[in-house]
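[1] pasting the structure only:
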């Protein structure tokens, strides 16, 4: 049976209907790079190569770092080149150098977002998703592998509530149960013969930072959050940031209960998924995503500037997956909308719906 043609009316109707129920949201590095390319992998690669000179290494550290440099020189991407790293001292150098780059950018944009001179592109969309949550299901689940705090800064400016599972004051400890209580409102039932305090959850987002964060640290045998240490932590504390390469799997196992466990349960319970600037590079999440999109045929919407082989391959297998991206043919502003149920992608000229802020204003007008 031949596939039908995809028209603008069909595409826009399907994209609008996707948001009738809340999605589980994945936020990738593309959302940070939309503000500044320094948040992306090419900038991180340059920072690592410049920040870890061969002259500062010896022994096995030097052997492994030389292999990384050779792989990159031969055109291998940073994620795969970093598979050469296994020693703890070199891993710590990589984490420290990565954190320094991210912290410099994070500090710059923390102030700009706070003063309103810069807006995170997904701000309007995330606010709409939280504002339209039903009273009986007031939690929006959001996952990101990003280390930066652009999501947090934007939500704070907008007054959108969120929790990342940490509870406390300056030195916050990970406790999702106590953190959830911070999102409850307490009122009084005046209709009852006895006055009773009633607690109900307010609309909010649950943020899972599965690769750690600039604000996460391993301190006194526990993962803590301390915003005072984001840009210049004490030398005695270890950052909880999982950097590219195979070594991240060992680190993930170490912090899996804290970083990944709650996200796993939320993914299992979701039936539709929204991917914003997400490149599908995280192999440890692939089994969950593939099972949901291919095996269980969950609804999915990918909004990204550029697709890649992983996105294209998944789109061919996932019957309910829509991809909104820049038209790879180029030649001026244009958007490509893809769904494998149709005979060909739809190309719209003169618009850039792959930009999340433009998508929000055009597709989610009300």
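    Received it, and whenever you're ready, just let me know what you need. This one's a predicted model, so the numbers in the text were calculated from it and none came from an experiment.

[2] in this structure, which helix or strand is least confident?
    None of the helices or strands of the chain scores lower by mean pLDDT, DSSP states H and E than helix 247-259, at a mean of 56.

[3] what's near enough to touch the closest residue to residue 260 other than its chain neighbours?
    Take residue 260 and drop its neighbours on the chain: the residue closest to it by C-beta to C-beta, 6 or more residues apart in numbering is residue 210, 5.3 Å away. Just so you know, the C-beta spots here come from the backbone N, C-alpha and C atoms, and that holds for glycine as well. Taking C-beta atoms under 8 Å, 6 or more residues apart in numbering, we find residue 210 in contact with 143-145, 242, 259-260, 263, 282, 285.

[4] which one of those is nearest residue 153?
    Relative to residue 153, the closest of the contacts of residue 210 is residue 144; by C-beta to C-beta it sits at 13.3 Å.

[5] Against which helices or strands is the helix or strand residue 287 falls within packed?
    Residue 287 is part of helix 283-290, with elements assigned from DSSP states H and E. Using 3 or more C-beta pairs under 8 Å, 6 or more residues apart in numbering; DSSP states H and E as the contact test, the elements touching helix 283-290 are helix 247-259, helix 261-268, helix 309-317.

[6] Can you report how many residues neighbour residue 236?
    7 (other C-beta atoms under 10 Å).

[7] Quickly note the distance from it to residue 93.
    According to C-beta to C-beta, to the nearest Å, residue 236 and residue 93 sit 17 Å apart.

[8] returning to that earlier point: report the inter-axis angle for the helix holding residue 287 versus helix 261-268.
    20 degrees (axes from the mean of the first three to the mean of the last three C-alpha atoms, to 10 degrees).

[9] Helix or strand next in line after helix 283-290, which one?
    Proceeding N to C from helix 283-290, the next assigned helix or strand is strand 299-303, under DSSP H and E.

[10] Now the terminal residues of stretch 277-290, how far apart.
    In stretch 277-290, first residue to last residue: 18 Å (C-alpha to C-alpha, to the nearest Å).

[11] What residues of that stretch count as buried?
    If you call a residue buried by 16 or more other C-beta atoms under 10 Å, then stretch 277-290 has these buried ones: 277-282, 284-285, 288-289.

[12] Please apply the same query to stretch 5-23.
    Using 16+ other C-beta under 10 Å as the test for burial, stretch 5-23 gives 6, 10-12, 14-15, 18-19, 22-23.

[13] And the strands in the stretch 101-250 of the chain?
    139-144, 162-163, 166-167, 172-174, 184-189, 196-201, 204-209, 212-219, 222-225, 238-241 (DSSP state E, counting those that start in this stretch).

[14] What residues of the last one count as buried?
    Pointing back at strand 238-241 there. Judged by neighbour count using 16+ other C-beta under 10 Å, the buried positions of strand 238-241 are 239-241.

[15] can those residues go into JSON lines with extra columns for distance to residue 301?
    Below are the buried residues of strand 238-241 laid out as JSON lines (distance: C-beta to C-beta, whole Å):
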{"residue": "239", "distance to residue 301": "33"}
{"residue": "240", "distance to residue 301": "30"}
{"residue": "241", "distance to residue 301": "29"}
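
[16] still on that earlier bit, what score does the residue nearest to residue 260 have for pLDDT?
    Looking at residue 210, its pLDDT is 90.

[17] ok so, going back, make CSV from the buried residues of strand 238-241 and add pLDDT and distance to residue 345 to it.
    Output for the buried residues of strand 238-241, formatted as CSV (pLDDT from 0 to 100; distance: C-beta to C-beta, whole Å):
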residue, pLDDT, distance to residue 345
239, 89, 42
240, 89, 40
241, 88, 37
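
[18] Go through those and name the one nearest residue 149.
    residue 241 (12.5 Å).

[19] Roughly how far does that closest one sit from residue 178?
    As for residue 241, its distance to residue 178 is 24 Å (criterion: C-beta to C-beta).

[20] just residue 351 next, same as before
    45 Å.

[21] repeat for residue 350
    From residue 350 to residue 178 the distance is 50 Å (C-beta to C-beta).

[22] These two: which is more packed in?
    A count of neighbours by other C-beta under 10 Å puts residue 178 above the other of residue 350 and residue 178, at 15 against 8.

[23] In space, what's closest to that one - neighbours in sequence excluded?
    Closest residue in space to residue 178, ignoring its immediate chain neighbours: residue 167 at 4.0 Å, by C-beta to C-beta, 6+ apart.

[24] Might one say that that neighbour is in contact with residue 183?
    No - using C-beta atoms under 8 Å, residue 167 makes no contact with residue 183, being 11.0 Å away.

[25] so who does the residue nearest to residue 178 touch?
    Here residue 167 is in contact with 173-175, 178-179, 182 (C-beta under 8 Å, 6+ apart).

[26] from these, which single one is nearest residue 42?
    Residue 42 lies nearest to residue 174 out of the contacts of residue 167, by C-beta to C-beta, at 32.3 Å.

[27] State the distance from the most centrally placed residue in the chain to residue 112.
    With distances taken as C-alpha atoms, centre = their mean, residue 144 lies nearest the centre of the chain, 2.3 Å away. Separation of residue 144 from residue 112 (C-beta to C-beta): 20 Å.
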